[in-house]
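Student: Got a predicted structure plus its sequence, pasted below:
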Amino acid sequence: MVAIIVPTSLHKMGKLCYFFFPLMISYLLFLQMETAHGSTDLIDEIDDVKGSIIGAIVDYSSRIGKEEKVAMEMAIENFNSQYTDLHIDLLINSSQGEPIQAALAARELVYSHGVKAILGPQSWEEASLVAEVGSQSHTPILSLAYLTPLWATQRWPFLIQASSDQSAQMKAIAAVIESQEWHRVIAIYEDIPSAATGAVLRLSEALKDVGIEIGHLLPLPPSASSSSLNEELKSLKEGQCRVFVVHTSLQLGVRLFETARKMEMMGEGYVWIITNTIANLVHSIKASTISSSMEGIVGVKSYLNETKPEFKEFYRRFRRKFSSEHPDEDKNEPGIYATNAYDAAWAAALALKEGNMRGGQELLDKISNTKFEGLLGKIQFHDKKLAPANTFQIINLVGRSDRELGLWSETATESGFSANLAQFVWPGGPRKTPRGWTPLTDEKSLKIGVPGLSNFKQFVEVVAQDGNNISFKGFSIDVFKAVEKRLPFALPYEFHCFNGTYDNLVRQVYLKKFDAVVGDVAIVAKRFEHAEFTQPYAEPGLVMITPAVRSKSSSKAWLFMKPFTKAMWALTTFVTVYNGFVIWLIERNHCSELRGSVLNQMGTLLWLAFTTLFSLHGEKLHSNLSRIAMVVWLFAALVITQSYTANLTSMLTVERLKPTVTDIETLKSSNSMIGLSRGSFVAAYLKDVLHFDEKNMKNYSSPEHYAQALTNGDIAAAFLEAPSAKVLLAMYCKRFIKAGPTFQVGGFGFAFPRGSPLLHDITQALLSVSESGELKELENSMLSSEKCLDVEDDETSSLSPSSFWMLFIISGGTSTFALLAHILHHKLIKLHDPTSEPKTIWRFFTAVTKFWLQRTRTFSRRVSDVELPRSSPNSGT
């Protein structure tokens, strides 16, 4: 027997019960306490009279309730048909979606009809009150609510969670959003306790785990009117974010999408993602509604294996029964709620059978130990709970229905999509992934805060011009402009000066006074509470700068090469060999030692060239031409060697810069004063991390002030961020020096609101500027513009050819003159007596030429063999 009972006493309190939910619980507890003393005896009497009855509470006005009712009835009918030796009745009570009515319906089922167990209800707001009734009366409650707190079964010992927890769907949604590279979403949810404290919290945690920010939370009353929805959507449309995650009931969701369509928010560029509260009921939505108001929506749906023979039989019978009972419904297919209700009813009936129709604690134990293969798979309770759902369908609403894009699942070790997702179809029809946010327009440009009290004007300088005009200059400004040029879209912006601390400047982003911050703003953990930062565009680090003292440098392995530049070494070698060649050519006819084989003559030539640097060889020379070349070159060699010796000696004895303080422990032990930038994070770091006494810290506001304080001894050291230290050392290159380790903290970056859709593109463009070398060029330009103010120059530099050009010209010219005179002299001898030509000279040159030509021909043949394949003897050309 199946009966439907619909209490109507509190039907008109629907809206009020939501607002006075805590008072209703107190009222219900009061009623239960009044009847607690006689409840057990009454139930025992009913057990003896009425037999075995299972109660159920559903929202008969909703599609979920209708499906659950039909499925429960089918389960009990099938059970009675299979087990003919016993009979179980089902009493169904409608809650009309009101928690207080669900509680009263439960009391009526328990105390008036003596049910052994209660199935449902579907919402946690109703289930929590029904669970209280069940615990007081020792009646097992098989809750069908998906979002049940972990502590619920401990608070109400007779509560059994007969539906799988669906919290993992939020991870599936986060995975979908992450796969499309969106970084900020807006969450729209129905303003009921289970959503506000359960679903939205888990969605936020899942998104946070993959680095996605919820930019705005929009709660909607369950009975929100079209006009109120219009106002809420209007405010969302004025913002930039275009990715919306919707967690509402089906009725509210349909109204929301119809309103969005009227406001042209279901078109290209918008992204709508629905949770399973709507996706699980897509099969019941009219085709016309999907095609007109929900086209392109992506959803996460509870997985249901529709290939099992048991489900196919259930599917066929359900459609027939549902159509007969609800002819007004356009669609009659069952969903996850129907199959869940069927399995819950079967579990309760099976436990009654195994417990010999007895209720109370014995029935609770039997249900907890129930094991069977249901429509949803293996049904088995652990700690009075079904195993959480770990597989979900990713669906896309296209045309007049939905289509599956893929599956997402989670195991103990990993989670992810089972395969690559199919092609998405987004609202408006495009298949290309929407950007997820809309660029700013000229009417609403980006409002950027710039620090007006920057200590180093090289990074940010705010200059007041005629009237109210203000110009912004500096390295940080130039970097941002370079980044803006590399963005794939136009980004209108306006700079606004802010005269306050850097922490307060970043806080203005959180307070929505600024859309971004550009300047020499350090990236530190404290500031992440109010904003997010791009990739650093200036190296991180905190360094210590101290006055420099002089110390002699120690020798180095290759220091002997330092007195001359590479060009000087090359030119000296060339002129030496050239002069040696001239002397060898002139003297070879007069000295048998200079003749012989080619290799012997080449070795003699080199020996003669380099030994002239150290001795005159005047007694061995026979030609006046060679003597002239030798004397001039020896003079040049003398000057060069003496210059080399003097420069090397200077380098070995020159004084180098050395810090006056080498570590921070010396500063702390001596209670020395230290300097730091006004308004920066450095003060807190020095105090909290490096443990400096705050009394020993002084604030300074410019490089000149630092230089004056260090020079006068007002401070023993200055602690600066690495980029600022570069500027100071570029300005005072001889007076100060970096000392001690570099503390890895800070680094300059641009600040944006948490989850800003611009952050990803700005960071990508910044990396492009860095990798292209433009960032380094901007930094070098800034540093090179700072001329060193220390005029003394004690450092010895390497000697270059510019210091010896005239010497090389005289020596080379003299040798060239001697060579030409020698050649001319032999030409005249040849004309007077042709037979007197020195054949050995030409034999030498001929041998060298033949050797070179032979190597050239060999190389040419090898190239020909590679480029041109050889022809066979019989082939023609």
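Tutor: Received, thanks.
Student: any weak-confidence spans in the protein?
Tutor: The chain contains residues with pLDDT under 70 at 1-51, 441-443, 466-467, 550-557, 588-622, 652-657, 787, 789-797, 827-877.
Student: tell me, what residue is most central in it?
Tutor: The residue lying closest to the centre of the chain (CA atoms, centre = their mean) is residue 211, at 6.6 Å.
Student: tell me the contacts of it?
Tutor: 178, 183 (CB atoms under 8 Å, 6 or more residues apart in numbering). For glycine as for every other residue, the C-beta is placed from the backbone atoms N, C-alpha and C.
Student: any idea which helix or strand carries it?
Tutor: When elements are assigned from DSSP states H and E, residue 211 belongs to no helix and no strand.
Student: That one and residue 181: what is the separation?
Tutor: 11 Å (CB to CB, to the nearest Å).
Student: Am I right that residue 449 is in a helix?
Tutor: No - per DSSP: H, G, I helix; E, B strand; the rest coil, residue 449 lies outside any helix segment and is strand.
Student: From what I see, it and residue 493 are in contact.
Tutor: No - counting by CB atoms under 8 Å, residue 449 does not reach residue 493; the two are 11.0 Å apart.
Student: measure the closest residue to residue 260 other than its chain neighbours to residue 224 for me?
Tutor: Leaving aside its sequence neighbours, residue 260 sits nearest to residue 266 (CB to CB, 6 or more residues apart in numbering; 5.2 Å). Here residue 266 is placed at a distance of 18 Å from residue 224 (CB to CB).
Student: rewinding a little: what about residue 449 and residue 493, which has more around it?
Tutor: Ranked by neighbour count (other CB atoms under 10 Å), residue 449 and residue 493 place residue 449 first, with 24 against 16.
Student: For the more buried one, give me its contacts.
Tutor: Residue 449 neighbours (CB under 8 Å, 6+ apart): 496, 498, 505, 508-509, 513-514, 516-519.
Student: ok, 10 Å please
Tutor: 495-498, 500, 504-506, 508-509, 513-519, 521, 751 (CB atoms under 10 Å, 6 or more residues apart in numbering).
Student: On the strand side of things, show who it bridges to.
Tutor: Bridge pairing for residue 449 (DSSP bridges) gives the partners residue 496, residue 517.
Student: What segments of the stretch 651-800 of the chain are strands?
Tutor: Applying DSSP state E, counting those that start in this stretch to the stretch 651-800 of the chain gives strands spanning 655-659, 674-677, 697-700, 717-721, 736-743, 751-752.
Student: What values do phi and psi take at residue 274?
Tutor: phi -110, psi 150 (degrees, to the nearest 10).
Student: which SS class is the nearest residue to it once chain neighbours are set aside?
Tutor: Distances taken as CB to CB, 6+ apart place residue 299 nearest to residue 274, at 4.2 Å, with adjacent residues excluded. Of the three states, residue 299 takes strand under three-state DSSP.
Student: and residue 299, how far is that from residue 372?
Tutor: 30 Å.
Student: These two: which has the busier surroundings?
Tutor: residue 299 (27 against 11).
Student: give the contact list for residue 85.
Tutor: Counting by CB under 10 Å, 6+ apart, residue 85 has contacts residue 353.
Student: Give me the nearest residue to residue 221, chain neighbours excluded.
Tutor: In space, and not counting its chain neighbours, residue 221 is closest to residue 191: 5.5 Å by CB to CB, 6+ apart.
Student: how near is the one you found to residue 254?
Tutor: Counting by CB to CB, the gap from residue 191 to residue 254 is 17 Å.
Student: shared neighbours of residue 449 and residue 493, anything?
Tutor: With CB under 10 Å, 6+ apart, residue 449 and residue 493 have common neighbours 515-516, 518.
Student: ok so, going back, so the residue nearest to residue 260 makes contact with residue 297?
Tutor: Yes - contact criterion CB atoms under 10 Å: residue 266 and residue 297 qualify, at 8.4 Å.
Student: out of the two, which sits in the busier spot?
Tutor: residue 297 (28 against 21).
Student: thought the more buried one was touching residue 405?
Tutor: No - if you go by CB under 10 Å, residue 297 and residue 405 don't touch, sitting 11.9 Å apart.
Student: between the two, what contacts are shared?
Tutor: Common neighbours of residue 297 and residue 405 (criterion: CB under 10 Å, 6+ apart): 395-396, 425.
Student: want to throw these into a markdown table with secondary structure and neighbour count?
Tutor: Converted to a markdown table, the shared contacts of residue 297 and residue 405 look like this (DSSP: H, G, I helix; E, B strand; the rest coil; neighbours: other CB atoms under 10 Å):
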| residue | secondary structure | neighbour count |
| --- | --- | --- |
| 395 | strand | 21 |
| 396 | strand | 20 |
| 425 | coil | 19 |
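Student: so can I have TSV of those residues showing distance to residue 129?
Tutor: As requested, the shared contacts of residue 297 and residue 405 are arranged in TSV below (distance: CB to CB, whole Å):
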residue	distance to residue 129
395	33
396	38
425	42
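Student: what's the helix or strand for residue 626?
Tutor: With DSSP H and E as criterion, residue 626 is part of helix 624-653.
Student: nope, residue 164 is what I meant
Tutor: Going by DSSP H and E, residue 164 is not part of any helix or strand.
Student: could you check the distance from it over to residue 144?
Tutor: 11 Å.
Student: shared neighbours of those two, which are they?
Tutor: residue 340.
Student: Tell me which of those two has more neighbours.
Tutor: Neighbour comparison, residue 164 and residue 144: the larger count goes to residue 144, with 26 against 20 (by other CB under 10 Å).
Student: And that one, how far from residue 812?
Tutor: For residue 144 relative to residue 812 (CB to CB), the value is 103 Å.
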